[in-house]
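Q: The amino acid sequence is not available; the structure is as follows:
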């Protein structure tokens, strides 16, 4: 279905019941809102893994503006501020009170924009393989460490000069390093996803907003519990980025979980462990 949010029709899908029978009453379940990565990918990256959580929450999947099946809207509004405001406006449109918001990678950037622009709106926040501030030199060094000179060169070529050509080479050489333990995946997730190169090229790189955003100071305003999840073999958001997020949040609100021998795709590398951590946090 499509829901109009801030003048743009966003594609939305849901899974699980919002109300469940509980003896003589109907009990409301928590709502988990998933913010996908990219930018330029779509919500299908979360399927089917997150179906495993539908017994404890209602799940809302959606595509960001300029991504997947959602409308573009004006391209000058392809910004973290607007993407973050869309999260709140979508919740308002759907009548979601106190959502649990989970963002992975770019979705984690959007989640931070949402949480810092609308403090107190979320019940809980989950940031997976994200960053409060991006240091591209650390990224290039991580790709060389995990993938050698070829991976470092492909990463540097794309991030320093995003284009369709450098993005294609990056996807071929660097993206397989995102999930080093999941070497036998069937690749069908790539076929299922709607990839929008123009959105990635608009946002990515040190000269674009990707290189300018900085949530480190603003994260002190976050008042809800936050789970930060990071893989210690992540080349694109090295674990130091997640450690910085955790250090920027109020210490009484943050729970940091390190996943050993996992890359950027924590759920791909350790699905059971990642889903258990999310489940425990939702139920806490």
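A: Looks like it came in fine. Model, not experiment: these values are computed from the prediction. Numbers count the residues shown, from 1 in each chain.

Q: residues in contact with the one helix or strand residue 167 maps to?
A: Using DSSP states H and E, residue 167 maps to helix 164-173. The contact list for helix 164-173 (C-beta atoms under 8 Å, 6 or more residues apart in numbering) reads 147, 150, 151, 154, 155, 157, 158, 197, 200, 201. C-beta coordinates here come from the backbone N, C-alpha and C atoms, glycine included.

Q: Buried subset of the residues you listed, written for PyMOL?
A: To isolate the buried ones among the contacts of helix 164-173 in PyMOL, judged by 16 or more other C-beta atoms under 10 Å, type:
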select buried, resi 147+151+154+155+157+158+200+201
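
Q: of the contacts of helix 164-173, closest to residue 262?
A: Nearest to residue 262 among these is residue 147, at 15.5 Å by C-beta to C-beta.

Q: That closest one: what's it in contact with?
A: For residue 147, the contacting residues are 173, 174, 177, 235, by C-beta under 8 Å, 6+ apart.

Q: What is the nearest of those to residue 87?
A: The shortest approach to residue 87 among the contacts of residue 147 belongs to residue 235, at 27.2 Å (C-beta to C-beta).

Q: can you map out the helices along the stretch 51-200 of the chain?
A: Taking DSSP state H, counting those that start in this stretch to define them, one finds helices in the stretch 51-200 of the chain at 80-94, 106-117, 136-160, 164-173, 188-192, 197-203.

Q: deepest of those helices, which one?
A: Highest mean neighbour count among the helices of the stretch 51-200 of the chain (mean count of other C-beta atoms under 10 Å): helix 106-117, with a mean of 26.

Q: what angle sits between that helix and helix 80-94?
A: 80 degrees (axes from the mean of the first three to the mean of the last three C-alpha atoms, to 10 degrees).

Q: Residue 272: which of the contacts of helix 164-173 is nearest?
A: Nearest to residue 272 among the contacts of helix 164-173: residue 147, at 25.9 Å, using C-beta to C-beta.

Q: How confident was the prediction at that closest one?
A: Residue 147 is assigned 94 on the pLDDT scale.

Q: please renumber so the chain begins at 5
A: From this message on, residue numbering opens at 5, which makes the last subject residue 151.

Q: Quick check: it vs residue 262, distance?
A: 21 Å (C-beta to C-beta, to the nearest Å).

Q: Likewise for residue 140?
A: 23 Å.

Q: Could you do residue 27 as well?
A: Look at residue 27 and residue 262: by C-beta to C-beta, they are 40 Å apart.

Q: Repeat that for residue 139.
A: With C-beta to C-beta as the criterion, residue 139 and residue 262 are 19 Å apart.

Q: and if you look at residue 7?
A: Separation of residue 7 from residue 262 (C-beta to C-beta): 36 Å.

Q: now do residue 256
A: In terms of C-beta to C-beta, residue 256 sits 20 Å off from residue 262.

Q: cool, and residue 196?
A: 30 Å.

Q: did I read that right, residue 37 in a strand?
A: Yes - under DSSP: H, G, I helix; E, B strand; the rest coil, residue 37 falls within a strand.

Q: Tell me how many other residues crowd it.
A: Neighbours of residue 37 under the rule other C-beta atoms under 10 Å: 24.

Q: do residue 182 as well
A: There are 23 residues near residue 182, going by other C-beta under 10 Å.

Q: Which residue is the nearest non-sequential neighbour of it?
A: Spatially, and ignoring its direct neighbours in sequence, residue 182 is nearest to residue 268 (4.0 Å; C-beta to C-beta, 6 or more residues apart in numbering).

Q: Please apply the same query to residue 135.
A: residue 245 (3.8 Å).

Q: from what I can see that neighbour touches residue 140, true?
A: No - if you go by C-beta atoms under 8 Å, residue 245 and residue 140 don't touch, sitting 11.3 Å apart.
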